[in-house]
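Student: next input, structure requested:
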Amino acid sequence: MLLMWGLVLTACAPTAGPAPGGAAAGATNASPERNMADILAQQPTGQPIIVATNNMGDGRDQWLAAAAKEAGFDITLVGLGGGDLTARVIGEVNNPTLNVVWGPADTMFKSMQDAHALEPWKPRWADQIDGSVPRSDYSWSYELQPKLLIANPKLYTSASAPTSYQDLWENPQFQGKYAVPTDFGGTTNRAVIGGILAQYLDPAGELGVSAAGWEAIKQYFAHGYATPKSEKEAQNLVDGKIPISYIYASGLKSFIDTYQMEPLILYSRTGEPTNTNQLGVIRSGNSAAVEESIRFADWLGSAKPMGDYASRYGSLVVNEQAQAQIDPFMQTVLQKTKPQDADWEYVNSMMDQWTAKIQLEYIQ
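Tutor: Numbering: from 1, shown residues only. Below is the predicted model:
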């Protein structure tokens, strides 16, 4: 059984440009009634579909392309950050160029659903999903994704490392030694900000945040290190240049494999911002593309590909028939993670305004 968690971070950033290649277009405001059993009983037709995802890194794109081809699907992958991807789907609601969305957070999918951009569907593995995760008729969870503070284990121990985000800027020994976000197009960077500001909510404050909260964010950025594009946060941590950073949980296995270092995970006393990542089908007037997209999404979230995905990439998958293949190190992470308790629905609704203020006033 997995954990209960708060939900984080939708986005309505500027719409990205059109996807390469052709995709199903001609959205309608109401989906026709579809017989899921008949659709899923049919083998893949080879109808081309475009899959948009924020899961392109560490070879995930190559893994998915090869596995999908072997399963009989003809897919083209488009990679975008979770926030940018959500904005694109919403912006294209009346003329979609994408067919399947794989990877953004549950609340991002809720925004797509509210914009009437998603097709209702139900996978055959619906009853195999851990009962505690969010679910709807429009998008289905496939992994749990805590955002974790990490540190160089050669320089810190659990006794000497920070135990909360506040320690980073309040304790002089950590100032200038931690990485901070430089943009907010992706889920993880937005989650970090949401996790901090969620602790300072005040209906009388600016944008619903107390003066102390805005001062905290100001100090967080003032004493942090904005990693230039010419550098890598992970490499800086390993080298000891900037020995404290943050990471999404499913990035840990790649970090360990790449740098041959198991980072010290700093489980915060306030808990970790946590969401589930989901899988959905975009509403379209092209029934052939929609039905092939449903078959593809049903295949991708099923036990065999999810088990392979978990073992390869350290994903905390929520399909209970695939959980035995979760990496042992990640099993420990799952057991120790404490999802942060906060009003995530409100955090989600304010995130675009918060990040706009931060970019204008606090990022140098």
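
Student: the helices in the stretch 51-200 of the chain, which residues?
Tutor: For the stretch 51-200 of the chain, the helices defined by DSSP state H, counting those that start in this stretch occupy 60-70, 82-91, 106-114, 165-170, 187-197.

Student: other SSEs contacting the lengthiest helix in the chain?
Tutor: Using DSSP state H to define each element, the chain has its longest helix at helix 344-361. Applying 3 or more CB pairs under 8 Å, 6 or more residues apart in numbering; DSSP states H and E, one finds that helix 344-361 contacts helix 106-114, helix 187-197, helix 211-222. Where you see a C-beta, it was placed from the backbone N, CA and C, and this is true even at glycine.

Student: hey, which of those helices is tucked in deepest?
Tutor: Each of those was scored by mean neighbour count; the highest is helix 187-197, a mean of 25, by mean count of other CB atoms under 10 Å.

Student: need the helices of the stretch 51-200 of the chain in TSV with distance to Ser349 and mean pLDDT, can you?
Tutor: Below are the helices of the stretch 51-200 of the chain laid out as TSV (distance: least, CB to CB, whole Å; pLDDT from 0 to 100):
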stretch	distance to Ser349	mean pLDDT
helix 60-70	30	97
helix 82-91	14	93
helix 106-114	9	91
helix 165-170	22	97
helix 187-197	11	93
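
Student: could you dump these to a markdown table with distance to Tyr267?
Tutor: Below are the helices of the stretch 51-200 of the chain laid out as a markdown table (distance: least, CB to CB, whole Å):
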| stretch | distance to Tyr267 |
| --- | --- |
| helix 60-70 | 26 |
| helix 82-91 | 24 |
| helix 106-114 | 22 |
| helix 165-170 | 12 |
| helix 187-197 | 13 |
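
Student: which parts of the stretch 251-364 of the chain are strands?
Tutor: For the stretch 251-364 of the chain, strands defined by DSSP state E, counting those that start in this stretch occupy the ranges 264-266, 274-281, 316-317.

Student: please identify the buried residues of the longest helix of the chain?
Tutor: Judged by neighbour count using 16 or more other CB atoms under 10 Å, the buried positions of helix 344-361 are Trp344, Val347, Asn348, Met350, Met351, Asp352, Trp354, Thr355, Lys357, Ile358.

Student: export it as CSV, just CAs?
Tutor: Taking C-alpha atoms only, helix 344-361 is exported to CSV below (Å, rounded to 0.1, in the frame of the first residue of the first chain):
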residue,chain,number,x,y,z
TRP,A,344,-2.7,21.8,-2.2
GLU,A,345,-5.9,22.7,-4.0
TYR,A,346,-5.4,26.3,-3.1
VAL,A,347,-1.6,26.1,-3.8
ASN,A,348,-2.4,24.8,-7.2
SER,A,349,-4.9,27.6,-8.0
MET,A,350,-2.3,30.3,-7.0
MET,A,351,0.9,28.8,-8.5
ASP,A,352,1.0,30.8,-11.8
GLN,A,353,0.6,34.1,-9.9
TRP,A,354,3.2,33.1,-7.3
THR,A,355,5.8,32.1,-9.9
ALA,A,356,5.2,35.2,-11.9
LYS,A,357,5.9,37.3,-8.8
ILE,A,358,9.0,35.2,-8.0
GLN,A,359,10.4,35.6,-11.5
LEU,A,360,9.8,39.3,-11.5
GLU,A,361,11.1,40.1,-8.0
